[in-house]
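Novice: This is a predicted model, with the sequence first.
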Amino acid sequence: MPVSGDFGVLAKIQGQIAHLPTEGKIRVVRACAAEGRLLVEEGFEAGKAPSGAPWAPVRRGGQPLRDTGRLLASLTPKVSAAGFSIESTVAYAGVHQYGATVASKSGRSLGTPKAGWFGVKVTIPARPFLPDGNALPGPWEARLTEAAEDALDAFFR
């Protein structure tokens, strides 16, 4: 029995499937990277880690990690067919992500006239703004899955 219909549509779908390993993956990864960046921004606004735990308060008052906006502005998604990462160009990003103890090299007190003087040795608590790499928190996983599904839906439309 002969088959009839619009073979152009079938050819288009076959072409889309053939491009999925490259173009489709990149589209999905870009969508997830954009959603990941948005999740980081929301964490900065709320003052919370990806796990939902609130960041430790700062001694000077105000919101942690939001003094100048430089750290958040430096966080940039890097995309490849294998996935994405969010990277920072500021040297102190790791100090805030993981925490650190900073000691004065000169023996003088650390700080500034505006923020105050903290002592010769200062412990900066971890204020994670990115997931720790072991597993994605539930809300992050759900949002990234939804972004991937939406990108695939758009790709195959």
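Specialist: Thanks, I have the structure now. Numbers count the residues shown, from 1 in each chain.

Novice: what about stretch 22-34, average pLDDT?
Specialist: Averaging pLDDT along stretch 22-34 yields 88.

Novice: oh, I was asking about stretch 145-156
Specialist: Model confidence over stretch 145-156, given as mean pLDDT, is 88.

Novice: Ok, stretch 65-77 next?
Specialist: Within the predicted structure, the mean pLDDT of stretch 65-77 is 93.

Novice: what's the following helix or strand after the longest helix along the chain?
Specialist: Scanning the chain for the longest helix, with DSSP state H as the assignment, gives helix 25-46. Proceeding C-terminally, helix 25-46 gives way to helix 70-74 as the next helix or strand, assigned by DSSP states H and E.

Novice: which secondary structure elements does that next one contact?
Specialist: For helix 70-74, the helices and strands in contact under the criterion 3 or more CB pairs under 8 Å, 6 or more residues apart in numbering; DSSP states H and E are helix 25-46, helix 93-98. Using the backbone N, CA and C atoms, a C-beta is placed for each residue, glycine as well.

Novice: would Thr22 count as being in a helix?
Specialist: Yes: with DSSP: H, G, I helix; E, B strand; the rest coil as the criterion, Thr22 is located in a helix.

Novice: Could you pull up the contacting residues of it?
Specialist: For Thr22, the contact set (CB atoms under 8 Å, 6 or more residues apart in numbering) comprises Ala81.

Novice: how near is it to Val79?
Specialist: For Thr22, the distance to Val79 equals 13 Å [CB to CB, to the nearest Å].

Novice: sorry, back to before: tell me which strands and helices the longest helix of the chain is in contact with?
Specialist: When contacts are defined as 3+ CB pairs under 8 Å, 6+ apart, helix 25-46 packs onto helix 70-74, strand 76-80, strand 83-87, helix 138-156.
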